[in-house]
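Colleague: Provided below for reference: sequence and predicted model.
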Amino acid sequence: MEERLTRVAPGDATESNLAVPDDYLDPRLTERRNPRSSAIDTATSLEIVDLIGAEDATVPAAVATAREEIARAIDLIEAAFRAGGRLLYVGAGTSGRLGVLDAAECPPTFGSPPEMVVGVIAGGLPALIKSIEGAEDDVNAGIGEMDARRVGPNDVVVGIAASGTTPYVRAALSRAQTLGARTALVSMSEPSRLLRETCDVCIVVPVGPEIVTGSTRMKSGTATKLVLNTLTTGAMIRLGKIYGNLMVDLRAWNDKLVDRSQRIVMETTGLDRAASRRVIEAADGSVKTAIVMARRGVPKEQAERLLAEHAGRLRPVVGDPPPVRSK
């Protein structure tokens, strides 16, 4: 089809005299122009803040539209963990960085081994701090990563692609499926029919066009972080790594977390700070084991055995956590 294009003088590109090619409109929602920000280049700093804030405020409601799919993905991830498998995030650019970030935050928060949740980004580690040209289009690299990571039937691979079309992610998901893994896609645009039909779960969050056209580090990135946080937090809760809403499997790698560990033991056992410190030390740093030791009056080995008998859950071993206190 011959393109309809009219040349206009600078400053004269109005709706009435500017013709554009018939196929200029991108089918991907993340690549569309946002009419609410079409004059943002003339806005004051405060107006820019208000415009971006108004768009960001729509993200949680968009995420909520995919609540059932997110819950199904949590169930898949929990099942993988219980089978000794892993969660692997795969993405490029912002999507890949957010996957790596969520994976990196799991060990200190939930006491999970680093290999339990893995972030894979197109272009490798250098892509975390700078753009790697062409990485997102390298389908062979996406396939190769799944082989190199020895993806198998016990694993869940979650592809993250704001546009729903990233070749690296598509190839990785296809290879993961061939290797027997369960797969899920997180996208802000409607994926292809093939991905819809082959992924176990498609989490599509329609955040709409970005405030700056195509800048998926904005609303799409915010929505992605909300979804990924929910996936790992939900799965870890289901595994018993949370007692009430306390992170009893945390790893105390810094002074703040050491203090939090002691406060959790103090709150859940009634021990003072010094006694809490001693029982945590006797539990080799495990807050969960320390709570059982204090509440049940048993040594470390028996506390660990009780936890193992109840799939790591504290409630069946020591009862309900204390109520939330405001003072």
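Modeller: The structure has been received and is ready for your questions. None of the values given here were measured: they were computed from a predicted structure.

Colleague: so Leu46 belongs to a strand, correct?
Modeller: No - counting by DSSP: H, G, I helix; E, B strand; the rest coil, Leu46 is not found in a strand; it is helix.

Colleague: just the helices in the stretch 51-200 of the chain please.
Modeller: 59-64, 67-82, 93-110, 139-148, 167-178, 193-198 (DSSP state H, counting those that start in this stretch).

Colleague: pull out the buried positions in stretch 72-87.
Modeller: Of all the residues in stretch 72-87, those buried under the rule 16 or more other C-beta atoms under 10 Å are 72-74, 76-78, 80-81, 85-87. Just so you know, the C-beta spots here come from the backbone N, C-alpha and C atoms, and that holds for glycine as well.

Colleague: give me every residue that touches the closest residue to Met218 other than its chain neighbours.
Modeller: Spatially, and ignoring its direct neighbours in sequence, Met218 is nearest to Glu210 (5.1 Å; C-beta to C-beta, 6 or more residues apart in numbering). Contacts for Glu210 (C-beta atoms under 8 Å, 6 or more residues apart in numbering) come out as 30, 34, 55, 216, 218-220.

Colleague: ditto for Asn154
Modeller: Residues near Asn154 by C-beta under 8 Å, 6+ apart: 80, 83-86, 181.

Colleague: so which of these comes closest to Glu301?
Modeller: Gly84 (23.2 Å; C-beta to C-beta).

Colleague: picking up where we left off before, mind giving me a markdown table with the buried residues of stretch 72-87 and columns for pLDDT?
Modeller: Listed next are those as a markdown table, based on pLDDT from 0 to 100:
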| residue | pLDDT |
| --- | --- |
| Arg72 | 98 |
| Ala73 | 98 |
| Ile74 | 98 |
| Leu76 | 98 |
| Ile77 | 98 |
| Glu78 | 97 |
| Ala80 | 98 |
| Phe81 | 97 |
| Gly85 | 98 |
| Arg86 | 98 |
| Leu87 | 98 |
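
Colleague: a markdown table for those residues, including distance to Ser261?
Modeller: What follows is these, written out as a markdown table (distance: C-beta to C-beta, whole Å):
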| residue | distance to Ser261 |
| --- | --- |
| Arg72 | 34 |
| Ala73 | 30 |
| Ile74 | 26 |
| Leu76 | 31 |
| Ile77 | 26 |
| Glu78 | 25 |
| Ala80 | 28 |
| Phe81 | 23 |
| Gly85 | 28 |
| Arg86 | 26 |
| Leu87 | 25 |
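
Colleague: quick check: the two most widely separated of the residues you listed?
Modeller: Pairwise distances across those (C-beta to C-beta) peak at 18.2 Å, for the pair Arg72 and Arg86.

Colleague: gap between Leu51 and Glu210?
Modeller: Counting by C-beta to C-beta, to the nearest Å, the separation of Leu51 from Glu210 is 12 Å.

Colleague: so where's this protein shaky on pLDDT?
Modeller: Filtered on pLDDT under 70, the chain yields the residue ranges 1-27, 29, 327.

Colleague: tell me where the longest helix sits in it.
Modeller: When the chain is parsed with DSSP state H, its longest helix is helix 219-238.

Colleague: CA atoms of it as PDB?
Modeller: The C-alpha trace of helix 219-238 is given here as PDB (Å, rounded to 0.1, in the frame of the first residue of the first chain):
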ATOM      1  CA  LYS A 219       3.700   3.000  34.500                       C
ATOM      2  CA  SER A 220       4.700  -0.400  33.000                       C
ATOM      3  CA  GLY A 221       7.700  -0.600  35.300                       C
ATOM      4  CA  THR A 222       5.600   0.400  38.300                       C
ATOM      5  CA  ALA A 223       3.000  -2.300  37.500                       C
ATOM      6  CA  THR A 224       5.700  -4.900  36.900                       C
ATOM      7  CA  LYS A 225       7.300  -4.300  40.300                       C
ATOM      8  CA  LEU A 226       3.900  -4.600  42.000                       C
ATOM      9  CA  VAL A 227       3.200  -7.900  40.200                       C
ATOM     10  CA  LEU A 228       6.600  -9.400  40.900                       C
ATOM     11  CA  ASN A 229       6.500  -8.300  44.600                       C
ATOM     12  CA  THR A 230       3.200 -10.100  44.900                       C
ATOM     13  CA  LEU A 231       4.400 -13.300  43.200                       C
ATOM     14  CA  THR A 232       7.400 -13.800  45.400                       C
ATOM     15  CA  THR A 233       5.800 -12.500  48.600                       C
ATOM     16  CA  GLY A 234       2.700 -14.600  48.000                       C
ATOM     17  CA  ALA A 235       4.600 -17.800  47.300                       C
ATOM     18  CA  MET A 236       6.900 -17.300  50.300                       C
ATOM     19  CA  ILE A 237       3.900 -16.700  52.600                       C
ATOM     20  CA  ARG A 238       2.400 -19.900  51.300                       C
END
